[in-house]
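**Q** Make a model of this:
(one chain, ligands or ions: 2)
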Amino acid sequence: MMLILKKGLGQAEKEALVQRFKGLGYGARLSRKEGQALLVLDRPASSLDLKKLGAPAWLEDLVVQEDPPKKVSWAWKGEPSQIDLGGRKIGGGHFQVIAGPCSVESRDQIVAIGQAVKASGAGLLRGGAYKPRTSPYSFQGLGQEGLDFLMEAKKKTGLPLVAEIMDYRDLDKFEGVDLLQVGARNMQNYGLLKALGKVKKPILLKRGFANTYEEWLMSAEYIMAGGNEEVILCERGIRTFETHTRNTLDLTSIPVLREMTHLPIIVDPSHGTGKASLVEPMALAAAACGADGLMIEVHNDPEKALSDGDQALDPQAFDRLMDKIKSLRACMEGWV
Ligand code: PEP
Ligand code: MN
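**A** Residues are numbered from 1 along each chain as shown. Ligands and ions are numbered 1, 2, ... in the order given. Below you'll find the predicted structure:
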């Protein structure tokens, strides 16, 4: 339901109304459409006596929608979401590159990679401690020790952290992680998504490798419906009949999702292609079609990596890519 607010209402009065409706158990937020200020509610307020809430003073008109707006939609939030990740913004014109190894392998490894990617201009450091591996016999990540090493890398580099959470019972262990990643395999793990809806921390929601845009957005909606509206989407490729690449990187998702949602969208060309030689062209293409950021796997010695070495850039290749991204972003200034 949308409440069209009277012209001339001050920001503080509008915010007070939002708080009032929230206090009554509604999801509520301010939005704008065609120059009009709106108060959007997540369900009809038909059972409420708006007059008792002083409506004549602030209410211009009511728009009752049969299907209340989804929180991922532009109808819910009329401007692009900007998410603050430990002081670095993403979305609404802010672009960030997240870089680091697939898995944290040792203290020295993650600290050295963190320092290298920071020097090249990465905004956040990634590293997996709990790894979703296809085989139970493959390296599963260092677990708690991996998170401890990530914290040391954060202290040494000042870079905010991104790490994948697979089980909501591990939430306490992720306290120092700034952006919680939900991997492709867990995109429809509704227990995990619901638990993350109660967390006061941004979530990076990767696309499942066999999921449609609609399903992906509904998974984001699960998190947002719980109260956590800080969700970033990450396109990481889907499974198609093509076997030459690990996945088919669906860059069409960027402009399509831009039409469907206010949430920031980033691209992971590492998992999207599975091959280091393809990461640079696809990263540039992702930036060119309007992604809000990139996630790139970087390893100090890709041949010896314990996971995903084939798709990892070494720090030198990452540095060259960052130079190109910066030039591309500079010439795109004002385009998207
Ligand atoms: C990862 O980021 O290392 C990862 C496992 O990604 P995905 O869930 O996209 O496969
Ligand atoms: Mn990986």
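
**Q** got the CA coordinates for stretch 127-134 in PDB?
**A** C-alpha atoms of stretch 127-134 as PDB (Å, rounded to 0.1, in the frame of the first residue of the first chain):
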ATOM      1  CA  GLY A 127      38.800 -15.300   1.400                       C
ATOM      2  CA  GLY A 128      36.800 -18.500   2.100                       C
ATOM      3  CA  ALA A 129      37.200 -20.200   5.500                       C
ATOM      4  CA  TYR A 130      34.200 -22.600   5.200                       C
ATOM      5  CA  LYS A 131      34.200 -23.800   1.600                       C
ATOM      6  CA  PRO A 132      31.300 -25.400  -0.300                       C
ATOM      7  CA  ARG A 133      33.200 -28.100  -2.200                       C
ATOM      8  CA  THR A 134      31.600 -30.500  -4.700                       C
END
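
**Q** Need the residues that contact that stretch.
**A** 100-104, 110, 113, 139-147, 149-150, 153, 161-167, 170, 183, 185-186, 307 (C-beta atoms under 8 Å, 6 or more residues apart in numbering). For the C-beta atoms, the positions are set from N, CA and C on the backbone; glycine is no exception.

**Q** and that stretch, how far from the chain's centre?
**A** 18 Å (C-alpha atoms, centre = their mean, to the nearest Å).

**Q** Out of the contacts of stretch 127-134, which end up buried?
**A** 100-104, 110, 113, 140-142, 146-147, 149-150, 153, 161-166, 183, 186, 307 (16 or more other C-beta atoms under 10 Å).

**Q** From those, list the ones also adjacent to ligand 2.
**A** Contacts with ligand 2 within these, counted by C-beta under 5 Å from the ion: Cys102.

**Q** Return the residues of this protein in contact with ligand 2.
**A** Cys102, Asp308.

**Q** try 8 Å
**A** Residues of the chain lying close to ligand 2 by C-beta under 8 Å from the ion are Cys102, Ser103, Gly128, Lys131, Ser270, His271, Glu297, Ser307, Asp308, Gln311.

**Q** As a markdown table, those residues with distance to ligand 1 and secondary structure would be great.
**A** Formatted as a markdown table, those follow (distance: C-beta to the nearest ligand atom, whole Å; DSSP: H, G, I helix; E, B strand; the rest coil):
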| residue | distance to ligand 1 | secondary structure |
| --- | --- | --- |
| Cys102 | 5 | coil |
| Ser103 | 7 | strand |
| Gly128 | 5 | strand |
| Lys131 | 7 | coil |
| Ser270 | 8 | helix |
| His271 | 4 | helix |
| Glu297 | 7 | strand |
| Ser307 | 7 | coil |
| Asp308 | 6 | coil |
| Gln311 | 9 | helix |
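
**Q** Tell me the one among those nearest to Asn228.
**A** Gly128 (21.7 Å; C-beta to C-beta).

**Q** contacting residues for the residue lying closest to Leu3 once chain neighbours are set aside?
**A** Excluding the flanking residues, the one nearest Leu3 by C-beta to C-beta, 6 or more residues apart in numbering is Leu39, at 4.2 Å. Each residue near Leu39 by C-beta under 8 Å, 6+ apart is listed here: Met2, Leu3, Leu5, Lys14, Leu17, Val18, Phe21, Ala28, Arg29, Leu30, Ser31.

**Q** got it, and Trp76?
**A** Applying C-beta under 8 Å, 6+ apart, the residues contacting Trp76 are Arg29, Ser31, Val40, Asp42, Pro69, Lys70, His262.

**Q** same thing with Gly78?
**A** Ser31, Arg32, Lys33, Leu38, His262.

**Q** farthest pair in those?
**A** Leu38 and His262 (13.9 Å).

**Q** Just the buried residues of the contacts of Gly78.
**A** Ser31, Leu38, His262.

**Q** wait, doesn't the second one sit right on Ile4?
**A** Yes. Leu38 is within contact range of Ile4, at 6.0 Å (criterion: C-beta atoms under 8 Å).

**Q** Please enumerate the helices of the chain.
**A** 11-23, 55-58, 107-120, 144-157, 190-196, 213-225, 253-260, 269-273, 276-288, 315-332 (DSSP state H).

**Q** Compute the distance between Glu235 and Lys70, please.
**A** 19 Å (C-beta to C-beta, to the nearest Å).

**Q** and if you look at Ala45?
**A** 18 Å.

**Q** Give me the nearest residue to Arg32, chain neighbours excluded.
**A** Gly78 (4.8 Å).

**Q** before we move on, the earlier item: hey, what's the residue nearest to Leu3 bridged with?
**A** In this entry, Leu39 is beta-bridged to Leu3, Leu30, by DSSP bridges.

**Q** Could you measure from it over to ligand 2?
**A** 43 Å (C-beta to the ion, to the nearest Å).

**Q** Could you do Val111 as well?
**A** 19 Å.

**Q** Ala12 now?
**A** Taken as C-beta to the ion, the span from Ala12 to ligand 2 is 47 Å.

**Q** and that residue, how many neighbours?
**A** 8 (other C-beta atoms under 10 Å).

**Q** from now on call the first residue 25
**A** Sure, I'll start counting at 25 from here, so that last one is Ala36.
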